[in-house]
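A.B. asks: Sharing a sequence plus its predicted fold:
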Amino acid sequence: MKRLHIHIGIDDLQQGIQFYSSLFDTAPDKVKDDYAKWMLDDPRINFAISTHTATRGVDHLGLQVDAPEEMSALRAQFEREGLGVQHEGETQCCYAQSDKSWLHDPSGVAWETFVSTADVEAPSAATVGCDAHCATQR
């Protein structure tokens, strides 16, 4: 099953946590020094905020899937449709080990597709300060 992913760059993490916890009427599922994430079921969203992106506001959108087979099916769909998908593969980002691909819509909005396979306690040195736009430039 797919889950919409939204990642927003912010300046003040505590203010963001307070605002979005009030908006969603629940505390985040994961909080780190520079990052917070809500895994919501209604609506089904992986909503993240962080201070480590270069972008303020919407950094990128995405689709999170539950299983590697779903990720393979999405990649095949994107390739079949000629969407210019860039495969990042296995990576550590946003305190998770994930398999990722990226594409951009016609107006340039970055879309991340991924399956997370494990939690990670610390960010990878390669992804600190990296946002959706530099991830596609590696």
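C.D. replies: Thanks, I have the structure now. Predicted model, so just to flag it, every value in this text is computed and none were measured. Numbering: from 1, shown residues only.

A.B. asks: looking at this, Gln15 is in a strand?
C.D. replies: No: assigned with DSSP: H, G, I helix; E, B strand; the rest coil, Gln15 falls outside any strand and is helix.

A.B. asks: What is the burial count for it?
C.D. replies: Neighbour count for Gln15, taken as other CB atoms under 10 Å: 11. C-betas here are computed from N, CA, C, even on glycine.

A.B. asks: Can you give me the separation between it and Phe78?
C.D. replies: 36 Å (CB to CB, to the nearest Å).

A.B. asks: ditto for His87
C.D. replies: In terms of CB to CB, His87 sits 10 Å off from Phe78.

A.B. asks: Who has more neighbours out of these two?
C.D. replies: More crowded of His87 and Phe78, by other CB under 10 Å: Phe78, with 18 against 12.

A.B. asks: before we move on, the earlier item: quick one: common contacting residues for His87 and Phe78?
C.D. replies: Ser101 (CB atoms under 8 Å, 6 or more residues apart in numbering).

A.B. asks: Is it correct that Glu69 falls within a strand?
C.D. replies: No: applying three-state DSSP, one finds Glu69 to be helix, outside a strand.

A.B. asks: so Leu83 touches Asp105, yeah?
C.D. replies: No: counting by CB atoms under 8 Å, Leu83 does not reach Asp105; the two are 9.1 Å apart.

A.B. asks: and these two? which has more neighbours close in?
C.D. replies: Leu83 (13 against 10).

A.B. asks: does that one count as helix, strand or coil?
C.D. replies: coil.

A.B. asks: Could I get the contacting residues of the residue at the greatest distance from the centre of the chain?
C.D. replies: If you look at how far each residue of the chain sits from its centre, by CA atoms, centre = their mean, the farthest one is Arg80, at 23.5 Å. Applying CB under 8 Å, 6+ apart, we find Arg80 in contact with no residue.
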